[in-house]
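Peer 1: After the sequence you'll find the predicted model.
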Amino acid sequence: MFKLVFGSVFLTVALGACATSSASNEGNALPSMFQDAGGTAEEFPSSYFGKYLAGREALREQDAAAALNYFDEALRSRESDNVLLGLTLQAALAKGDVQRAKNLAPRIVGQTEDNSTANLVLAIEALRQKNFPAAQSYLEKTGDNGFNVLLKPLLMAWIKLGQGQTDTAIAELDALDKYNGFDALKQYQIALLSDVSGNRARADEEYARALAGPSGRAVRLVQSYGAYLDKTGRREEARKIFEDYIQQYPLSPTIHLELVDLASDRPLTPVVEDAVDGAAEALYSAASIIGQERAVGVAATYVYFALDLKPDFPMARVLLAETAEDRGKWQEALNLYSEVKAQSAHGRNAQVRAAWATYKLGDIDEAKTMLEAVAASYPKDIEALVVLADVSRDAKDWKTAAQDYGRAIDRLPALERRHWSLFYARGIAYEQSKQWPLAEADLVKSLELQPDHPQVLNYLAYSWVDRNENLEQAKDMLIKAVSLRPRDGFIVDSLGWLYYRLGDYNDAVIQLEKAVSLEAADPTITDHLADAYWRVGRREEARYQWQRALWLDPSTELAPLIREKLKAGLKDDIKAEK
């Protein structure tokens, strides 16, 4: 069986919510938070409790704006309550209101000097003002746990560089050696520190080492190295590095624009020009890593800090929009994408993703209009057309999706391996719109471009099985697909259903039982297992599984077939099923 997963084919190619207090509130007893703040119930206006609890609930629901409003209202009654101040700071950061956080942080530190979050906010503000000694003092008071094990050495390195201590700055990054996975980041940061310090010999060495190491594929490193080479009079070397990168990653908008600047004899803009820029880059890098760990709230906060230090930072704004998408905050994502300048390296992609956010907000016509405009503005580019097709596919308008994937394919100057997903997506659209010959041709073409891809093997082979065609060839393909994805219940189901079609019911049961264990909530897989049970004489188990399939809300086409089998079982002649 194949599973239809919706989303964008092209897009594929805050500090944490608090749990509400569980403290008992029997009689006149106060929750622990209020006891810590001091006072008795009579001293708190009744609205205070309501605003506090509403704010906590809003934070739990990740509605930072509402939480901040509730906490602000509660503070009017209890403006020196340190616990409430801390929650308000948390809400401000989750919302991205850095200025509000800056206003709150001194009040919190005035009462609790070692508050880690407040000291981090003050360190960022001191950095922005280039008051590096103060920034160091505040940062030293932050904790050495959680994500600070990554962020603290990065920021401290740039703070030390701001004070002219290059060797000490680089040594700060040794703290990253305690943890796996930070080697590439460390190499990149050392290269930037050496560059900004003005030590050309060391910068040459560190950039070359970084490019040869695990960070060599990072576009920011390549962009930084190219700008450094240009700045030091080695323009042709910069061009060579960019062209080599484009050979590997031909869709990189950043490097394409760098090459345009070189061709126009314009000087390249350094990625990092001073210690404040470096701190912003460090925050952006930390957010990128943390976002991969699904800690999108923390990642968003770090990006807000980066933008506070460096407002003109389109990559950071795009990353912030992506974190909003991850949290399902489509209006926030749309607003952020709309703020990215069209002429920046990320302008076109921001316009496309803004259209996708518009679609997710429910305006499909406006989204399509936006995408058609981008497609017209960039007649050689396929991104807008692919996302246009994705919109129709997500809306299950299969015929339109197939047409728009076709428009994207027609723009390709030459077919490459990476284009397999376009033929796969169009093949699915053709199959779902009952155009099987066209679907089969595209799925075969997709396999030619990406042999042995388990998803394509499964979709084509299962389609053959369902049509009772090419069963032996399908068998070889599905055995291979299962070997590549043994934990994919849909692919395992396809192999089981193939055995069923071949009349090998015992092997069908083995595979289908495994498939159900992997995808217990899928009605089609459950129905397949029931059919196989019937064929091997396990009639009561078959009826139970058919009933269970009905409980799992099958499609309108499948449900009546299952009901009929519950009444009469399967016919003895299997050909009647085909």
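Peer 2: That came in fine, so what should we check first?
Peer 1: Now do the same contact list for Tyr245.
Peer 2: Val219, Val222, Ser252, Ile255 (CB atoms under 8 Å, 6 or more residues apart in numbering). C-beta coordinates here come from the backbone N, C-alpha and C atoms, glycine included.
Peer 1: hmm, 6 Å instead?
Peer 2: Val222, Ile255 (CB atoms under 6 Å, 6 or more residues apart in numbering).
Peer 1: same deal with Thr88?
Peer 2: Per CB under 6 Å, 6+ apart, neighbours of Thr88: Phe71, Leu104.
Peer 1: what helix or strand is it on?
Peer 2: Taking DSSP states H and E as the criterion, Thr88 maps to helix 82-95.
Peer 1: Quick check: buried residues in the very next helix or strand once past that helix?
Peer 2: Per DSSP H and E, the first helix or strand lying C-terminal to helix 82-95 is helix 98-111. Across helix 98-111, burial judged by 16 or more other CB atoms under 10 Å covers Val98, Arg100, Ala101, Lys102, Leu104, Ala105, Arg107, Ile108, Val109.
Peer 1: Report the mean confidence score over helix 98-111.
Peer 2: Mean pLDDT, computed over helix 98-111, is 93.
Peer 1: Just the angle for that helix relative to helix 82-95, thanks.
Peer 2: Per axes from the mean of the first three to the mean of the last three CA atoms, to 10 degrees, the angle that helix 98-111 makes with helix 82-95 is 160 degrees.
Peer 1: neighbouring contacts of the next helix or strand after helix 98-111?
Peer 2: Per DSSP H and E, the first helix or strand lying C-terminal to helix 98-111 is helix 116-128. Residues from elsewhere that reach helix 116-128 (CB under 6 Å, 6+ apart): 101-102, 105, 108-109, 134-135, 138-139, 141-143, 276, 279, 305, 309.
Peer 1: can you tell me which of these lies nearest to Leu495?
Peer 2: Taking CB to CB as the measure, Leu495 lies nearest Phe305 of the contacts of helix 116-128, at 50.2 Å.
Peer 1: State the helix or strand in which that closest one lies.
Peer 2: Going by DSSP H and E, Phe305 is part of helix 296-309.
Peer 1: quick check: angle from the next helix or strand after that helix to helix 296-309?
Peer 2: Of the helices and strands lying after helix 296-309 in sequence (DSSP H and E), the nearest is helix 314-326. In terms of direction (the same axes, to 10 degrees), helix 314-326 departs from helix 296-309 by 150 degrees.
Peer 1: From the contact counts, what lies against helix 314-326?
Peer 2: Packed against helix 314-326 by the contact rule (3 or more CB pairs under 6 Å, 6 or more residues apart in numbering; DSSP states H and E) you find helix 296-309, helix 330-338.
Peer 1: Quick one: mean pLDDT over it.
Peer 2: On average, the pLDDT along helix 314-326 is 88.
Peer 1: What are the contacting residues of the top helix by length along the chain?
Peer 2: The longest helix of the chain (DSSP state H) is helix 275-292. Here helix 275-292 makes contact (CB under 6 Å, 6+ apart) with 127, 147, 150-151, 154-155, 158, 161-162, 185, 192, 272, 298-299, 302-303, 305-306, 309-310, 316, 323.
Peer 1: returning to what we had before: from the buried residues of helix 98-111, pick the one nearest Ala333.
Peer 2: Nearest member of those to Ala333, counting by CB to CB, is Val98, at 18.8 Å.
Peer 1: Could you pull up the contacting residues of that closest one?
Peer 2: For Val98, counting by CB under 6 Å, 6+ apart, the contacting residues are Tyr304, Asp308.
Peer 1: what about it, distance to Ala123?
Peer 2: 13 Å (CB to CB, to the nearest Å).
Peer 1: Please, where are all the helices along the stretch 151-300 of the chain?
Peer 2: 166-172, 183-197, 200-212, 219-231, 235-248, 253-263, 275-292, 296-309 (DSSP state H, counting those that start in this stretch).
Peer 1: Deepest-packed of the ones you listed, please.
Peer 2: helix 296-309 (a mean of 26; mean count of other CB atoms under 10 Å).
Peer 1: Which secondary structure elements does that helix sit against?
Peer 2: Taking 3+ CB pairs under 6 Å, 6+ apart as contact, the helices and strands that helix 296-309 lies on are helix 275-292, helix 314-326.
Peer 1: mind running it again at 7 Å?
Peer 2: helix 98-111, helix 116-128, helix 275-292, helix 314-326 (3 or more CB pairs under 7 Å, 6 or more residues apart in numbering; DSSP states H and E).
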